[in-house]
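Enquirer: Below is the sequence, then the predicted model.
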Amino acid sequence: MADGADTAWHLENVEAMAAAHPRTFFIPPADARRRLKLGDGVKLIFLLDIRASDGTEAERMWVEVLSEAGGRYSGELLNEPAVIAGLNLGDRVDFGPEHVASIDVSEAEIGYRVEDLAIVTRRLAQADVRPGYLRRDEPLRDGDSGWQLFLGDEPDESLEDSENFGPAKLGFLTDKFPELESVFRQGESGQVWAWQEDRKTYERVE
């Protein structure tokens, strides 16, 4: 336990944080946070009421869901707190969907490696809209997903300049745009996908 540890804490309302910072603070979709299963691991943000002497303001820790009742959860703390005194590994923690910052999902369950990189255009990275056009090529190396994402209306000349592209992790992209999950899960090399606004989904382009 760090010096200057405190006992007063509360859970961060991550829904409010995500609403205030929609493109920099990402949380799982509401339906996923409201239908957690027993045994699921979730990350919660424990905020100290008074900043610790080392400057720590919060601890992000994992909790295993043990029970659910009326849309609320109770779970077991899976980490040993570093600065919060009186809270220990194995303690019971009560929380709601508004506190769930992340849900632990295995790569086998999600169907792709969230740490793999996609290539996105600079315009797309700076825009506040979902990708309009995606294609997948054969990955060139380990950690390369093969995916390339575009806003959809980039000038042809900009696509010829490598300076107009940059990397992004698949997990980061699906945090921002959950609709991409199904594409990353089933998309194969050589396929092209496009956003269909009328149906609110991505579909393959033949």
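Expert: Received, thanks.
Enquirer: Tell me the spacing between the residue nearest to Ser102 when sequence neighbours are not counted and Pro167.
Expert: Nearest residue to Ser102, sequence neighbours excluded (CB to CB, 6 or more residues apart in numbering): Lys43, at 3.9 Å. Any C-beta I mention is one placed from the backbone N, CA and C, and that applies to glycine too. Using CB to CB, to the nearest Å, Lys43 is found at 24 Å from Pro167.
Enquirer: Those two - which one has more neighbours?
Expert: Legend: neighbour count by other CB atoms under 10 Å for Lys43 and Pro167, higher for Lys43 (19 against 14).
Enquirer: Endpoint to endpoint, stretch 43-57 covers what distance?
Expert: Using CA to CA, to the nearest Å, one end of stretch 43-57 lies 16 Å from the other.
Enquirer: meant to ask about stretch 114-124
Expert: Separation of the first and last residues of stretch 114-124 by CA to CA is 19 Å.
Enquirer: Stretch 98-108 now?
Expert: Across stretch 98-108, first to last residue, CA to CA, it's 26 Å.
Enquirer: Tell me which stretches of the chain form strands.
Expert: Applying DSSP state E to the chain gives strands spanning 9-11, 41-48, 58-69, 72-77, 92-95, 102-103, 117-121, 133-136, 144-150, 165-169, 192-196, 201-204.
Enquirer: what would the ones you listed look like in JSON lines with distance to Ile27 and mean pLDDT?
Expert: Shown next, in JSON lines, are the strands of the chain (distance: least, CB to CB, whole Å; pLDDT from 0 to 100):
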{"stretch": "strand 9-11", "distance to Ile27": "13", "mean pLDDT": "95"}
{"stretch": "strand 41-48", "distance to Ile27": "10", "mean pLDDT": "96"}
{"stretch": "strand 58-69", "distance to Ile27": "12", "mean pLDDT": "96"}
{"stretch": "strand 72-77", "distance to Ile27": "15", "mean pLDDT": "98"}
{"stretch": "strand 92-95", "distance to Ile27": "13", "mean pLDDT": "98"}
{"stretch": "strand 102-103", "distance to Ile27": "7", "mean pLDDT": "90"}
{"stretch": "strand 117-121", "distance to Ile27": "21", "mean pLDDT": "94"}
{"stretch": "strand 133-136", "distance to Ile27": "23", "mean pLDDT": "95"}
{"stretch": "strand 144-150", "distance to Ile27": "21", "mean pLDDT": "96"}
{"stretch": "strand 165-169", "distance to Ile27": "16", "mean pLDDT": "92"}
{"stretch": "strand 192-196", "distance to Ile27": "22", "mean pLDDT": "94"}
{"stretch": "strand 201-204", "distance to Ile27": "21", "mean pLDDT": "93"}
